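Student: Here is the input, now give the coordinates:
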Amino acid sequence: MVKQSIFGRIAQLAKANINSLLDNAEDPQKMLDQMVRDYTNNIAEAESAVAQTIGNLRMLEDDYNEDIKNAQDWGNKALAASRKADEFRAAGDVADAEKFDNLAKVALQRQMAAESEAKGAEPSIASQREIVDKLKVGLDQMKNKLNQLTSKRNELVARSKTAAAQSQVHDAIKSIDIMDPTSEVGRFEEKIRREEAKVRGQEELAASSLDAQFNQLEDLGEQTEIEARLAALKSGGKPALGAGSQAATSGSTVDEADFDKL
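Tutor: Prediction:
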């Protein structure tokens, strides 16, 4: 029962479809690690059991060989006793001849018993040899599967590390990409652009305000000159013509027909 259990477990593990198991696994690497541990432990247990089975087989073979040797020895003893009996009979010693014939018979009886023991052990030996051969094949298959599992695990670990490294490189490149508006450099550049735009706006606003102040000063000067000339006219004086006068004339909004009435 134990041998059959070991053989069934070896066969089951050896036939396992690694790719199918990995496809259905949530974490293939963890599953591979567990499978490697399970295979290693099962191989160790199977090797111990197979070694015991082989040891039992060798004991059966030793007993079988011993029975064969005993059968040959008893056969030789039977032959020697028979010849001795013939010598005594030829010498006329019937009593000793009978004695050695009886010894030959005993030797032949023991030879037959040894041969029977050997023959009875042959089926068990043949069965044990078949089991041992199958167990050895199963062990070889398990070891091959273990090598596949180990290689697959190492491959996945290497690929996982490579992918992680590539992801880190990608993130690092992305973080320093000045063309990427989501990067720190892009956000800092956008902040500077906004500040520069604000400064330009302030400059334009300041320039516009200064122009308006100068215009107000010019208007104030023109009005002052007009008032001065008007006062001179009223006092009997004659105003002198100048740029201010032209500016006043060009800026007048009176009806020109009123001058014809003068």
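
Student: Give the full set of residues in contact with Q128.
Tutor: The contact partners of Q128, by Cβ atoms under 8 Å, 6 or more residues apart in numbering, come to 53, 56-57, 60. Every residue, glycine included, has its C-beta placed from N, CA and C.

Student: so it is in which element?
Tutor: helix 94-175 (DSSP states H and E).

Student: hmm, back to that, in helices, which of the contacts of Q128 appear?
Tutor: 53, 56-57, 60 (DSSP state H).

Student: so how far is D133 from N154?
Tutor: Note on N154: its distance to D133, by Cβ to Cβ, to the nearest Å, is 32 Å.

Student: actually S116, not the one I wrote
Tutor: When distance is defined by Cβ to Cβ, S116 is 27 Å away from D133.

Student: same thing with Y39?
Tutor: Relative to D133, Y39 is positioned 21 Å away (criterion: Cβ to Cβ).

Student: Name the residue in those two with the higher neighbour count.
Tutor: Y39 (22 against 10; other Cβ atoms under 10 Å).

Student: The more buried one contacts Q148, doesn't it?
Tutor: No: using Cβ atoms under 8 Å, Y39 makes no contact with Q148, being 9.7 Å away.

Student: Name the nearest residue to L108, ignoring sequence neighbours.
Tutor: Using Cβ to Cβ, 6 or more residues apart in numbering and skipping the chain neighbours, the partner closest in space to L108 is A78 (4.5 Å).

Student: how many neighbours does the one you found have?
Tutor: When neighbours are counted by other Cβ under 10 Å, A78 registers 20.

Student: Use 17 as the first number for this chain going forward.
Tutor: OK, 17 is where the count begins now, so the last one is A94.

Student: For it, list the residues it contacts.
Tutor: Residues in contact with A94, defined by Cβ under 8 Å, 6+ apart, are 120-121, 123-124, 127.

Student: Tell me the pLDDT of it.
Tutor: A94 is assigned 94 on the pLDDT scale.

Student: Out of the contacts of A94, which end up buried?
Tutor: The neighbour count (16 or more other Cβ atoms under 10 Å) marks 120, 123-124, 127 as buried among those.

Student: Which single one of these is nearest to D109?
Tutor: A120 (15.7 Å; Cβ to Cβ).

Student: With adjacent residues omitted, what lies nearest to that closest one?
Tutor: Here the residue nearest A120, using Cβ to Cβ, 6+ apart, is A97, at 3.7 Å.

Student: give the contact list for that neighbour.
Tutor: The contact partners of A97, taken as Cβ under 8 Å, 6+ apart, are 116-117, 119-120, 123.

Student: Let's see that with 7 Å instead.
Tutor: 116, 119-120, 123 (Cβ atoms under 7 Å, 6 or more residues apart in numbering).

Student: cool, I70 as well?
Tutor: By Cβ under 7 Å, 6+ apart, the contact set of I70 is V148.

Student: Show the pLDDT at it.
Tutor: pLDDT at I70 comes out at 91.

Student: Likewise for K177?
Tutor: At K177, the predicted lDDT confidence score is 83.

Student: What of Q164?
Tutor: What the model reports for Q164 is a pLDDT of 82.

Student: I'd like to know how many residues surround it.
Tutor: Quick note: Q164 (other Cβ under 10 Å) scores 14 neighbours.

Student: for the stretch 67-216 of the chain, which spans come out with low pLDDT?
Tutor: For the stretch 67-216 of the chain, residues meeting the criterion pLDDT under 70 lie at 189-202.

Student: at 80 what do you get?
Tutor: Applying pLDDT under 80 to the stretch 67-216 of the chain flags residues 165, 168-169, 172-173, 176, 186-205.
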